[in-house]
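Participant: Sequence below, structure please.
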Amino acid sequence: MKVFDLHCDTIGECYKQQKRLRSNDMHLSLEQLSRYEEYCQVFAIWITDDKRGQTAVDYFDSVADLYYNSVEENADLISVYGSGKNTPVKGILACEGGSACGGTLEGLRHLYDRGVRLITLTWNANNEIGGGAFSEGGLTPFGVEFVKECERLGIVIDVSHLNRETFWDVAKITTKPFVASHSNADIVDNVYGHKRNLDEVQIKAIRDRGGLIGLNFCYDFLQQQEYPGLLSLGEQIRYLLALGCEDVIALGSDYDGCDMIEDLKCACSLENAYNSLLSQGFSKEILNKIFYENAQRFFEKI
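Facilitator: Purely as a prediction, here's the structure:
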């Protein structure tokens, strides 16, 4: 079984809790991932809303150092995506919160030089770039420059955590595909009314641009009385398929970044999740696209 996950916060938690990426008691470890035929993981470094300027830059660099040390120390299990090494796990470095650039384009280029290939522009509050999900306002003038420089460098823009205004500002000024790495659909007939969810028009914009939407396993986003656990994940997939997103849906677990539903409490649960979705009527062709092929194709192309 092959898996491609667009978002986890594990490397930051390893840094904060002084735990090892190879083996730990968290949602995700290299030993868990290595049981799969292939596992591509986007490792995000989360910049909290209280970190700005050089403080944010220094924090990012410290966690990035741990990431690369972990890759070097566990070369039998993990390699950098695209390096050509035959390891069970391939890693892509991402940044969750563009404040890691310290408010400068030189800082953005520093992130690129350190291997960042995907940036979630904000977290929930405003930053130098624009408005997050729980704040107001769109892209700032610096944010416009930032987004354009991301496209020039080849860094994938991630619109998870943006408010609606910033989302549409990004859609207006970009030309390349962008992703929502860990965002679910706002299903009108159910109780998904969460500011972190995507509405139908946003979903279609990502679809039409050739982007990706990574399904988030967060308890608050999936657990409902009507459709608990993996049934709720299935409802998300059905809704997105009805909007023509067969080639858009991916995984965006948010492992080690939030509370998980019980059926997806760790990365070793994904095979059971796949089988559960099969029993809900989804074909292997569709599930293989969601679990691996859509994201793999996107990153090979981008």
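Participant: for the chain, longest helix please?
Facilitator: The single longest helix within the chain, with elements called by DSSP state H, is helix 53-73.
Participant: For that helix, name the packing helices and strands.
Facilitator: Here helix 53-73 touches helix 10-17, strand 38-46, strand 78-80, strand 89-96, helix 105-113, going by 3 or more C-beta pairs under 8 Å, 6 or more residues apart in numbering; DSSP states H and E. For every residue, glycine as well, the C-beta is placed using N, CA and C.
Participant: buried stuff in that helix?
Facilitator: A56, V57, Y59, F60, V63, A64, L66, Y67, S70, V71 (16 or more other C-beta atoms under 10 Å).
Participant: all strands of this protein, in order?
Facilitator: For the chain, the strands defined by DSSP state E cover 2-8, 38-46, 78-80, 89-96, 116-120, 156-158, 179-180, 212-215, 249-251.
Participant: Which one of those lies nearest to Q17?
Facilitator: For Q17, the closest of the strands of the chain is strand 38-46, at 13.5 Å, according to C-beta to C-beta.
Participant: Can I get stretch 99-107 in PDB, CA atoms only?
Facilitator: The C-alpha coordinates for stretch 99-107 follow below in PDB (Å, rounded to 0.1, in the frame of the first residue of the first chain):
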ATOM      1  CA  SER A  99       6.100  34.300   9.300                       C
ATOM      2  CA  ALA A 100       9.100  32.000   9.200                       C
ATOM      3  CA  CYS A 101      10.400  34.400   6.500                       C
ATOM      4  CA  GLY A 102      10.800  37.200   9.100                       C
ATOM      5  CA  GLY A 103       8.800  39.500   6.900                       C
ATOM      6  CA  THR A 104      11.200  39.700   4.100                       C
ATOM      7  CA  LEU A 105      11.600  38.200   0.600                       C
ATOM      8  CA  GLU A 106      15.200  37.400   1.500                       C
ATOM      9  CA  GLY A 107      13.800  35.300   4.300                       C
END
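Participant: so how far is that stretch off the chain centroid?
Facilitator: Its chain's C-alpha centre and that of stretch 99-107 lie 20 Å apart, by C-alpha atoms, centre = their mean, to the nearest Å.
Participant: what's in contact with it?
Facilitator: Here stretch 99-107 makes contact (C-beta atoms under 8 Å, 6 or more residues apart in numbering) with 45, 47, 51-54, 56-57, 59-60, 108, 110-111, 127-129, 142, 145-146, 149.
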